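Q: Sequence and predicted structure are below.
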Amino acid sequence: MADEKKYYLPEGLPTPRAQRTGLDNEFWAATKRHELVVQRCNSCKTFQWGPEFICHECRSFDMGWHKVSGRGRLYSWVRCWNPVHPALKEACPYIVAVVELPDAGNVRMVGNLLGDPKQNPPFDVAVEAVFEDHPEATLVQWKVKA
Amino acid sequence: MSEYTIKDRVAIIGVGETKYYKRGQAPVPEFRLACEAIMKAAEDAGIDVRDIDGISGYADDRNEASHLATALGLKQLGFAGMVWGGGGGGGSGAVGNAAAAVAAGYSKYCVVFRALAQGQFGRFGQAPVTNYVSGGPAYTAPYGLYVPAQWVALRTRRFMHQYGINQEPLAAVALADYYHAQFNPRAVMYGRPLTREEYDKSRWIAEPFHLFDCCMENDGSAALIVTTADRARDAKKKPAYVMAAAQGSNYRHNATIENSADYASSNFKTLAPRLFEMAGITAKDVDCAQMYEHFSGAVMISLVEHGFCKPEEVMEFVTFENITAPKGKLPINTSGGNIAECYMHGLELVNEAVRQVRGDSTCQVPDCKISLVASGPMVSPVSDLIVHSM
């Protein structure tokens, strides 16, 4: 049995970096603290994802961040077999998950579903966030709740 | 009829395309392919190419309108327009823009074109290699979510889960496309029939999409000529009159990181009713449909959102028998489409709709009067077109 992988996907994929505008600094700062935050309007409290400078519900520019539990449900997932990036050449198949966060207005996040890439998890199953530290950024992965 | 409509005021009077090639096999540059397709469409329409005075494009076409007008020696340019958004969502929308331009008098003969040589530029199915990524892709690329096959699969799988759908409708679309292409000498897959066994055995790209559920990668160009109904009467061939054209998007469909308000949607729910209202018909009146298939699974969702069947009826409606010409209830993609004719970002589907209503398709639906085109499911904006013969 091979050593446990350091990361779910091999190194060589691009590193996420906060936008130059500062719009999503807080998200990437929070993941380094192993906290998951979502944009929320300070005026009408609507959750919004992905981040924007304006609230789509009330048009306020006063947007803030809200820490969420990291618990979600598996809204959809796909097993990817085609290496669409050179770094993925030996990594297929792998699973990409779309997760809904019920405690954040059902906004959705994307990550990998940790564990056996051949698993067939049921839709809407409970999942939880797992923080994967890389040298320059921390990714948010998901695993099916035990 | 409302004064503010293009219904029957505009017609497509000519279509043309270059030879369609597999990716990397076009012997000439993409810009030259664009010129050739435009000249072929003008010839089909029976007009002097220099009388084209409008150019309508989509998908951020690299072959810029003023460059084309200059190279082709157009006497003047009265309209140059582009539909926002990459991919095939703008195919019908570009015809809609051309129709609006000729109805408004900006242009007398407006060409709609798409030129695409994936062998000479980047591939849509491969990710660019960079060290860093920011914005929306920062939340997807590090997880290996890069290309349309993957995010269309995510949405398709949610739809399949919600309505208890298995692989059968996807296989039916892929096999129907290949079946139709066997009658079409223009098709890249002409002479290359596909069996169900080969489909089942083909490798996964992103579940539920096998290789044959995916559009091809090609080099080529397609074009068509739009003019007013008055001028269309002098055309060389039977005009295809525009019954309706529409483009648009659902509420917050383009929210990033997979946050479309209505996720398992092809994005036609708000558009299709506007389209049918303009045309003054319902889905039942459509004889033949050209349903954009970057991936087979999106087709069943598009069919549902245009009212051809209910989501609960997909398994019984989207069958090989029902969607193949000449006898199917609703033949679709009768040229082979993006999967088996050519991936020309769906403009080959518009040309096929024109051929169906004028009666010279290679896979003709008997007595086809009305053909619908649905362009670019799941992207934003998407667009639609209905043409008919009179």
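A: Received it, and whenever you're ready, just let me know what you need.
Q: the helices in chain B, which residues?
A: B:30-45, B:65-72, B:91-103, B:148-163, B:168-181, B:196-201, B:229-232, B:271-279, B:296-305, B:314-317, B:320-323, B:337-340, B:347-358 (DSSP state H).
Q: between the first one and helix B:347-358, how big is the angle?
A: With axes from the mean of the first three to the mean of the last three CA atoms, to 10 degrees defining the directions, helix B:30-45 sits at 10 degrees from helix B:347-358.
Q: The fourth one too?
A: When the same axes, to 10 degrees is applied, the directions of helix B:148-163 and helix B:347-358 differ by 60 degrees.
Q: Show me what helix B:148-163 is packed against.
A: Packing partners of helix B:148-163 (3 or more CB pairs under 8 Å, 6 or more residues apart in numbering or on different chains; DSSP states H and E): strand A:71-80, strand A:94-101, strand B:204-206, strand B:209-210, helix B:296-305. C-beta coordinates here come from the backbone N, C-alpha and C atoms, glycine included.
Q: winner for burial among the ones you listed?
A: Stretch with highest mean neighbour count among the helices and strands packed on helix B:148-163: helix B:296-305 (a mean of 28; mean count of other CB atoms under 10 Å in any protein chain shown).
Q: Is chain A within reach of that one?
A: No: using CB under 8 Å from any CB of the partner chain, we find that helix B:296-305 stays clear of chain A, coming within 11.1 Å at best.
Q: circling back to that earlier point, may I see the helices of chain B arranged in a markdown table, with distance to B:Met189 and mean pLDDT as well?
A: Converted to a markdown table, these look like this (distance: least, CB to CB, whole Å; pLDDT from 0 to 100):
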| stretch | distance to B:Met189 | mean pLDDT |
| --- | --- | --- |
| helix B:30-45 | 19 | 98 |
| helix B:65-72 | 29 | 98 |
| helix B:91-103 | 20 | 98 |
| helix B:148-163 | 18 | 98 |
| helix B:168-181 | 5 | 98 |
| helix B:196-201 | 12 | 98 |
| helix B:229-232 | 33 | 97 |
| helix B:271-279 | 29 | 98 |
| helix B:296-305 | 14 | 98 |
| helix B:314-317 | 25 | 98 |
| helix B:320-323 | 16 | 98 |
| helix B:337-340 | 4 | 98 |
| helix B:347-358 | 12 | 98 |
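Q: Buried deepest among those, which one?
A: The most buried one of these (mean count of other CB under 10 Å) is helix B:337-340, showing a mean of 30.
Q: rewinding a little: do you know which of the helices of chain B lies nearest B:Ala80?
A: For B:Ala80, the closest of the helices of chain B is helix B:65-72, at 3.8 Å, according to CB to CB.
Q: isn't B:Asp247 right up against B:Gly93?
A: Actually, residue B:247 is Gln rather than Asp. Yes: with contacts counted by CB atoms under 8 Å, B:Gln247 reaches B:Gly93, the gap being 3.7 Å.
Q: Chain neighbours aside, what residue packs nearest to B:Leu175?
A: Distance criterion CB to CB, 6 or more residues apart in numbering or on different chains; nearest residue to B:Leu175, sequence neighbours excluded, is B:Phe320 at 5.4 Å.
Q: Oh, that last question was meant for B:Asn338, not what I typed.
A: Nearest to B:Asn338 is B:Cys215, by CB to CB, 6+ apart, at 3.9 Å.
Q: what's around that neighbour, how many residues?
A: 25 (other CB atoms under 10 Å in any protein chain shown).
Q: cool, and the one 4 residues further on?
A: When counting by other CB under 10 Å, one arrives at 29 neighbours for B:Asp219.
Q: That one bridge partners, please.
A: As for beta bridges, B:Asp219 partners with B:Tyr21, B:Ala117 under DSSP bridges.
Q: can you pull the contacts of it?
A: B:Asp219 makes contacts with B:20-26, B:30, B:33, B:116-120, as judged by CB atoms under 8 Å, 6 or more residues apart in numbering or on different chains.
Q: Can you tell me which residues in the stretch 251-390 of chain B are near chain A?
A: Residues of the stretch 251-390 of chain B lying near chain A by CB under 8 Å from any CB: B:Arg252, B:Ala255, B:Thr256, B:Ile257, B:Glu258, B:Asn259, B:Tyr263, B:Ala264.
Q: how does it look with 6 Å?
A: Contact residues (CB under 6 Å from any CB of the partner chain) of the stretch 251-390 of chain B with chain A: B:Thr256, B:Ile257, B:Glu258, B:Asn259.
Q: Select from those residues the one having the most neighbours.
A: B:Glu258 (27 neighbours).
Q: coming back round to it: now the two most distant members of the residues of the stretch 251-390 of chain B next to chain A.
A: B:Thr256 and B:Glu258 (8.0 Å).
Q: In contact with residue 79, which residues?
A: You didn't say which chain, so I picked chain A. By CB atoms under 6 Å, 6 or more residues apart in numbering or on different chains, the contact set of A:Arg79 is A:Pro93, A:Ile95, B:Glu207.
Q: please go with chain B instead
A: B:Phe79 makes contact with B:Gly54, B:Ala101, B:Tyr106, B:Ser107, B:Cys110, according to CB under 6 Å, 6+ apart.
Q: sorry, back to before: quick one: common contacting residues for B:Gln247 and B:Gly93?
A: Common contacts of B:Gln247 and B:Gly93 (CB under 6 Å, 6+ apart): B:Ser383.
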